[in-house]
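[1] No letters, just coordinates:
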């Protein structure tokens, strides 16, 4: 079911789709592929919205930097010094997170209106063509992203892309979860199936080799209070997989709500949103971004993000909801 949600300054209409199944209600915008809301019950059956979002389109236009709920591309996370070399040619990107490129550049996938079609009673498919050279990336990229609720009420996000020239691709969703539905998420308990993480410099670019989490605050292999201070890529023990495998659990003890994250991706960026600003509070939510590693185009030792003509980029992530 779709409805008019607002109009951009150039007259382009924005619509909102509502998906509902098995106690979960999700609202998705054509602008930025944004997951505006996810409503699920707590242990007593009381429903609350567990992702950060705005009630009106103006909120997203006035506060673009947190990327609330947005579909991120062409390249999620950072590329060092806003450049990379592919097949001997160097491509210059916009340094919108100086000196680095972040989340595809200042006019990334989060700031365009996608074509949307219903593909079933509980699913919508978003699509667009990113032209050759958009934000400095090579190749004409045809992209589709399907948001679907399965029989359990889990939100499944499936990404596909093809290109007519060698390029790099790394797509994700940037929802911030607050399972309490209000206040901050610092008391949430987090578990991540990762024995290593990527240490970063002061601009959040990975340095050196992935490090062992043992004995550090990055050891989330057993559930612990999330607190704050995380904006790091965790190297998932499972690596790249053909189908989604569970890699993380977020639990709010007060409400009993539980979020499980399953993915085909090799990395999970855990961001505790310490730098969120008005109208939200710091640490108001936790982003669990399934993706390849930051700066992979400049790191041949990391899993590759290169996509070539004739290949199909595929990625799938499942956010499951329950209460205990």
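    Sure, I can see it. The structure displayed is predicted, hence computed values, not measured ones.
[2] so the closest residue to residue 107 other than its chain neighbours, which of the three states?
    Once flanking residues are discounted, residue 107 sits nearest to residue 135: 6.1 Å by C-beta to C-beta, 6 or more residues apart in numbering. Yep, even glycine has a C-beta here, placed from its N, CA and C like the rest. Under the three-state scheme (DSSP: H, G, I helix; E, B strand; the rest coil), residue 135 adopts helix.
[3] For residue 135, report the pLDDT, please.
    For residue 135, the pLDDT comes out at 98.
[4] quick one: the strands in the stretch 1-150 of the chain?
    2-7, 13-21, 24-29, 35-41, 47-49, 71-72, 78-79, 83-86, 89-92, 101-102, 115-120, 123-130, 141-149 (DSSP state E, counting those that start in this stretch).
[5] Now do the contacts for the residue nearest to residue 131 when sequence neighbours are not counted.
    Nearest-residue entry for residue 131: residue 140, 5.9 Å, with adjacent residues in sequence omitted and distances by C-beta to C-beta, 6+ apart. Counting by C-beta atoms under 8 Å, 6 or more residues apart in numbering, residue 140 touches 129-132, 163-165.
[6] what about residue 133, how many residues close to it?
    11 (other C-beta atoms under 10 Å).
[7] One more: residue 298?
    By other C-beta under 10 Å, the residues close to residue 298 number 16.
[8] go on, residue 189?
    Residues lying near residue 189 (other C-beta under 10 Å) number 17.
[9] check contacts around it.
    Residues near residue 189 by C-beta under 8 Å, 6+ apart: 223-226, 250-253.
[10] quick one: which of those residues sit in strands?
    Using DSSP state E, the subset of those located in strands is 224-225, 250-251.
[11] circling back to that earlier point, ok, now how distant is the residue nearest to residue 131 from residue 32?
    21 Å (C-beta to C-beta, to the nearest Å).
[12] Residue 181 too?
    Going from residue 181 to residue 32 by C-beta to C-beta gives 23 Å.
[13] before we move on, what about residue 22?
    Shown here: residue 22 relative to residue 32, a distance of 26 Å by C-beta to C-beta.
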